[in-house]
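Engineer: Need coordinates for the below:
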Amino acid sequence: MGALSCLRPLDDHVTVHVGVGGTTHVRSVMRCGSVWSCPWCAPVVRSQKAEEITAAVESWLAKGGRVWFVTGTIPHTATDSLDVLLNRLQEMWTRAYGAGSGGQGVRRRNGVVGSVRSIEVTRGDNGWHPHIHALVFVEPGVPFSVADWTARWRAQFSREGFDYVPGVSMDVRQVRTPDTAEGATAIGQYVAAVEGGWGAGLEIARADLKGRGGLRADQILELASTGEKRWVWRWREYEQATKGRRCIVWSRGLRALCGLDEVEATDEELAAGPDADEVIGLVIVPAAEWNSARSSGQLGELLEAVVRGDRSRWRFHTVGVDWSGTRPRWLDPPPEPAQDAPLPLVA
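Structural biologist: Have a look, this model is predicted:
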């Protein structure tokens, strides 16, 4: 199942759980879980991955370790296919820092215990621009040599016949806590922030929020939705090139070192999202009404109406809730619906 099928109803109705603060959690719909291309699943999945990564960084820094934020890019032209560029980027990274003797050596010399890396793709005047971001976790007390680390990347450029540009082909910055960061006013809102940038988890996982350089996937999709052929083809190329690729990857054993569950939740599981906090209302939306909002890009408006209890435009049914006051409240103690039993539609 792809992004085109995402959020389609699984039954003749969709169930929405409404929380105290106006949060909503949608059930009884398909979820593709695509972190690359789905405008609905990607933000949900990426936000939870960012929280996990931030927790890992905070845990490691609290133990006295250090974390470095690395960005690696490769040359590209307007005619390069995205699939070729992604393969080249991943192959160069694996040769530089993977399981080979050279990769093991640079990690051992610099006390690297693991990393979290992600691939980010943008599109600009000079074609596709894929690049790797990585958070490199270093043992307490072991010096990390930026020169030694970047020399491995420079060697891959030489092997491919590319010109290496210091500070552009690879950028390395230390992740610091606010009380040790220089110029912390700009980044002090984050517990662990990349020098001159965002929080560590956001830098790795939230490509969907960034506005730096080129067009993001969601912006390409928006242009493709106009029907303009060149953007339709660009979007198809992006979908085909990223299909089946892992976007965010943890090195083996790092999650356990940072106090996280060793078994990582799948993207599909994360796409389902956490339930609304303190559920105070169950709302039933007919499948036809849901599909109408979905096809017209107005699911956000429908859910806002659900939270307000506003039926002036959309049809839905509330279960056991009084919406007449300043905020919804239960008429009776909340019911306990069966997990798998469909809730009845009421005309």
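Engineer: okay, CA-based contacts and neighbour counts for the rest of this
Structural biologist: Fine.
Engineer: From residue 231, how far off is residue 304?
Structural biologist: 31 Å (C-alpha to C-alpha, to the nearest Å).
Engineer: buried set for stretch 34-52?
Structural biologist: By 16 or more other C-alpha atoms under 10 Å, the buried positions in stretch 34-52 come out as 34-50, 52.
Engineer: can you give me the strands for this structure?
Structural biologist: 13-19, 24-27, 66-73, 112-124, 127-138, 170-176, 193-194, 248-250, 279-286, 317-319, 321-322, 329-330 (DSSP state E).
Engineer: Need the winner for burial among these.
Structural biologist: Ranked by mean neighbour count, the strands of the chain are led by strand 193-194 with a mean of 26 (mean count of other C-alpha atoms under 10 Å).
Engineer: Report the mean per-residue pLDDT for that strand.
Structural biologist: Mean pLDDT, strand 193-194: 42.
Engineer: Also stretch 234-246?
Structural biologist: 93.
Engineer: what's the spacing between the longest helix along the chain and its chain's center?
Structural biologist: Taking DSSP state H as the criterion, the chain has its longest helix at helix 41-62. In this view, helix 41-62 has its centroid 9 Å away from the chain centroid, taken as C-alpha atoms, centre = their mean, to the nearest Å.
Engineer: how much does it deviate in direction from strand 112-124?
Structural biologist: For helix 41-62 against strand 112-124, the angle by axes from the mean of the first three to the mean of the last three C-alpha atoms, to 10 degrees is 150 degrees.
Engineer: one step back: of the strands of the chain, which shows the lowest average pLDDT?
Structural biologist: Lowest mean pLDDT of the strands of the chain: strand 193-194, a mean of 42.
Engineer: before we move on, the earlier item: which elements pack onto the longest helix of the chain?
Structural biologist: Counting contacts by 3 or more C-alpha pairs under 8 Å, 6 or more residues apart in numbering; DSSP states H and E, helix 41-62 packs against strand 66-73, helix 200-205, helix 267-272.
Engineer: Nearest residue to residue 136 in space, please, no chain neighbours.
Structural biologist: Nearest non-adjacent residue to residue 136, counting by C-alpha to C-alpha, 6 or more residues apart in numbering: residue 115, 4.5 Å away.
Engineer: That neighbour: what's it in contact with?
Structural biologist: 134-137, 250-251, 254 (C-alpha atoms under 8 Å, 6 or more residues apart in numbering).
Engineer: circling back: distance to residue 244 added to the helices and strands packed on helix 41-62, as CSV?
Structural biologist: CSV is the format used below for these (distance: least, C-alpha to C-alpha, whole Å):
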stretch, distance to residue 244
strand 66-73, 21
helix 200-205, 18
helix 267-272, 12
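Engineer: residues near residue 229, how many?
Structural biologist: 12 (other C-alpha atoms under 10 Å).
Engineer: err, residue 92, not the other one
Structural biologist: Residue 92 has 21 neighbouring residues, counting by other C-alpha under 10 Å.
Engineer: please renumber so the chain begins at 43
Structural biologist: Yep, numbering from 43; the last one is residue 134 now.
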